[in-house]
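S.K.: Let me see the structure of the following:
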Amino acid sequence: MQADIEITDSPDGHYAVHATPWEAGASHWIYHPTIVDNRSGRVLWSPADRYWSVEGLRWLSTARVKLQLRKYPGDRRPALIELVVDCCAEQARLHNDWHPLAAVDALMAAVWAAEGNA
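M.R.: Numbers count the residues shown, from 1 in each chain. Sure, this is the predicted structure:
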């Protein structure tokens, strides 16, 4: 059964986070995030690894969103990675450092591997 995409717009509607659900296992749902520029329709960022799930999000401003991401199956501690995305600058903050969105996937994978083995 396909569930509906959950869309959370920025306060001014310029950007949105789309959470696309898919069933990874029996009743185990992943909400894969995609950040979109609503004015142009362009995808700013979406993790290449479809096992990342958005577990929480909060718009900090009209262009910055804080995402709490979990990688399925979520059996590591800490279970979540927190990412702040600046949609306007097309950068993300991970562990207090800002990076281009194009570099975020590799950085998240490295952080996940390092923290999961600690």
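
S.K.: hey, what's the residue positioned nearest the centre of the chain bridged with?
M.R.: Centroid-nearest residue in the chain, with C-alpha atoms, centre = their mean: Pro33, separated by 4.8 Å. With DSSP bridges as the criterion, Pro33 is bridged to Ala19.

S.K.: separation between it and Ile7?
M.R.: Distance, Pro33 to Ile7, using C-beta to C-beta, to the nearest Å: 11 Å. Where you see a C-beta, it was placed from the backbone N, CA and C, and this is true even at glycine.

S.K.: Now do the shared contacts for those two.
M.R.: When contacts are counted by C-beta atoms under 8 Å, 6 or more residues apart in numbering, Pro33 and Ile7 have 17-19 as shared neighbours.

S.K.: Please produce a markdown table containing those, extended by distance to Ala109 and neighbour count.
M.R.: A markdown table is the format used below for the shared contacts of Pro33 and Ile7 (distance: C-beta to C-beta, whole Å; neighbours: other C-beta atoms under 10 Å):
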| residue | distance to Ala109 | neighbour count |
| --- | --- | --- |
| Val17 | 20 | 24 |
| His18 | 22 | 17 |
| Ala19 | 20 | 21 |
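
S.K.: Helix, strand or coil: sort out Ala89 for me.
M.R.: Look at Ala89: counting by DSSP: H, G, I helix; E, B strand; the rest coil, its state is coil.

S.K.: okay, now it: neighbour count?
M.R.: Counted by other C-beta atoms under 10 Å, the residues lying close to Ala89 total 12.
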